[in-house]
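Novice: can't give you the sequence, but here's the structure:
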């Protein structure tokens, strides 16, 4: 799937701050951040619809999302913890109430 | 308990054979999606169903919202089918935005 691009694909962090970026070229209104830990299904972190944050699951405050426009999504990470090691997927769908969810390729975060 | 119960948790098939995966739902779902997570970790859309049956190549999926289940049939299994399969179902949350609940996944591998 080249229609949802994520960067970086791999990220190794000590205590540094970093941001993940996502852009979708599908014209979708809803964008999501999911976290997938090893051997588990993806878990929703944040959901935006038309740039508004409408769902914020229980996520540590060191993760801060940002939606600068309806096709872009950022995830700012600070003071990471080893439990944050996971793959972070960006996803999008036509709206929040209908339609298929499409995932980006993921950004693998390894916390040293 | 879990809203989405996926089975089996693991499946091994000889090349050319087939089998079915199943997701049972403990609450009424509006639609279901099936994903394949391949060996590179990409989450690939297979099906999106609000009802009925869809077929795509060697894959076929059915969603029965009245009886609260969905199935994914794989026939003539090939190496490229390897990976983990997830179902994900939409319920109608009180907030007006859909919550997508994932099954725990079925790890599929081909027996050489």
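Specialist: Arrived safely, thanks for sending. Please read these numbers as outputs of a predicted model, since none were measured by experiment.

Novice: tell me if I'm right that residue B:27 and residue B:91 touch.
Specialist: Yes - using CB atoms under 8 Å, residue B:27 is in contact with residue B:91, at 5.7 Å. In this view, the C-beta of every residue, glycine as well, is placed from N, C-alpha and C.

Novice: anything in contact with each of those two?
Specialist: residue B:3 (CB atoms under 8 Å, 6 or more residues apart in numbering or on different chains).

Novice: compare those two and say which is more crowded by neighbours.
Specialist: More crowded of residue B:27 and residue B:91, by other CB atoms under 10 Å in any protein chain shown: residue B:91, with 17 against 11.

Novice: could you report the pLDDT at that one?
Specialist: Here, the pLDDT recorded for residue B:91 equals 82.

Novice: then the one 10 residues further on?
Specialist: Listed pLDDT for residue B:101 reads 91.

Novice: that one: which element?
Specialist: strand B:99-102 (DSSP states H and E).

Novice: list the buried residues of whichever helix or strand comes after that strand.
Specialist: Sequence order places strand B:106-111 as the next helix or strand after strand B:99-102, per DSSP H and E. Neighbour counts over strand B:106-111 (16 or more other CB atoms under 10 Å in any protein chain shown) mark B:106, B:108, B:110 as buried.

Novice: direction included, what does the strand holding residue B:101 pair up with?
Specialist: Strand B:99-102 has these partner strands in its sheet, going by DSSP bridges: strand B:83-91 (antiparallel).

Novice: list the contacts of the partner strand.
Specialist: A:41-42, A:101, B:3-4, B:6, B:21, B:23, B:25, B:27-39, B:43, B:46, B:70, B:72, B:98-103, B:105-108.

Novice: can you select the buried ones from the residues you listed in ChimeraX?
Specialist: A single ChimeraX command selects the buried members of the contacts of strand B:83-91 (16+ other CB under 10 Å):
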select /A:41,42,101 /B:4,6,21,23,25,29,31,32,33,34,35,36,37,43,46,70,72,98,99,100,101,102,103,105,106,108
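
Novice: show me the contacts of strand B:83-91 that map onto strands.
Specialist: Residues of these located in strands (DSSP state E): B:4, B:6, B:21, B:23, B:25, B:31-37, B:43, B:46, B:70, B:72, B:99-102, B:106-108.

Novice: all the helices of chain A, residue numbers only.
Specialist: Counting by DSSP state H, one finds no helices in chain A.

Novice: quick one: least confident helix or strand in it?
Specialist: Counting by mean pLDDT, DSSP states H and E, chain A has its least confident helix or strand at strand A:10-13, which shows a mean of 79.

Novice: for residue A:75, what are its contacts?
Specialist: Contacts of residue A:75 (CB under 8 Å, 6+ apart): A:19, A:20, A:22, A:33, A:45, A:46, A:63, A:64, A:65, A:66, A:88.
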